[in-house]
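A.B. asks: could you look at this predicted model? Sequence included:
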Amino acid sequence: MSYSVHQQEYENVITLTAVARYQYFLNKVADWEEVWSVGEGDGWRMMADRSGILCIPVWPARAFAEACCQGSWSQDIPKAISLSDWMTKWLPGIKSDGRQVAVFPLPTDQGILMQSDQLYLDLQEILEQFE
């Protein structure tokens, strides 16, 4: 079962700084063991950072991903990725493709852009606290 965000929590979280949203992301993903992204059909959405590097946007829950499905992303739908697949397949693939991860972007904020290796390490650290 996926994590369902209550309206008040949603409203509070979207007002957080990108760094605070990153911490929220780490904790929710570790707790619920899934990551959310968006895409159309079998494809996945990518966004570019200011230098043109492609990034995979991710969120800790469906509601946050859904909120970004507007404008040029209006045809996209939120899709869950198991934490196991994220850690063992996605993050290594993102690294080998020379891409980055955009953690918890909002329609008005690109979120935290980072290398997949660093996200892996940060998630591992949080997961060890959950054991």
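C.D. replies: Looks like it came in fine. Numbering: from 1, shown residues only.

A.B. asks: from here on, contacts and neighbour counts on C-alpha atoms
C.D. replies: Will do.

A.B. asks: and the residue positioned nearest the centre of the chain, how far from residue 131?
C.D. replies: Among the residues of the chain, residue 58 comes closest to the average C-alpha position under Cα atoms, centre = their mean, at 1.7 Å. When distance is defined by Cα to Cα, to the nearest Å, residue 58 is 24 Å away from residue 131.

A.B. asks: the residue nearest to the centre of the chain sits in which helix or strand?
C.D. replies: strand 54-58 (DSSP states H and E).

A.B. asks: average pLDDT across that strand?
C.D. replies: Average pLDDT, strand 54-58: 97.

A.B. asks: show me the contact partners of that strand.
C.D. replies: 35-38, 45-49, 65, 99-105, 113 (Cα atoms under 8 Å, 6 or more residues apart in numbering).

A.B. asks: repeat that for stretch 96-106.
C.D. replies: 14, 18, 21-22, 25, 53-60, 64, 67-68, 94, 110-116.

A.B. asks: got the buried residues for the next helix or strand after the strand holding residue 58?
C.D. replies: Later in the chain than strand 54-58, the nearest helix or strand by DSSP H and E is helix 62-67. By neighbour count on 16 or more other Cα atoms under 10 Å, the buried set for helix 62-67 is 62, 63, 64, 65, 66.

A.B. asks: same deal with stretch 14-32?
C.D. replies: 14, 18, 21, 22, 24, 25, 26, 27, 28, 29, 30.

A.B. asks: stretch 74-88 too?
C.D. replies: Neighbour-count burial for stretch 74-88 [16+ other Cα under 10 Å]: 76, 77, 78, 79, 80, 81, 83, 86, 87.

A.B. asks: helix/strand/coil for the third one?
C.D. replies: When you say that, I think you mean residue 78. strand (DSSP: H, G, I helix; E, B strand; the rest coil).

A.B. asks: that older thread, quick check: neighbours of the strand holding residue 58 in the sheet, parallel or antiparallel?
C.D. replies: Paired neighbours of strand 54-58 in the sheet (DSSP bridges): strand 47-48 (antiparallel), strand 100-103 (parallel).
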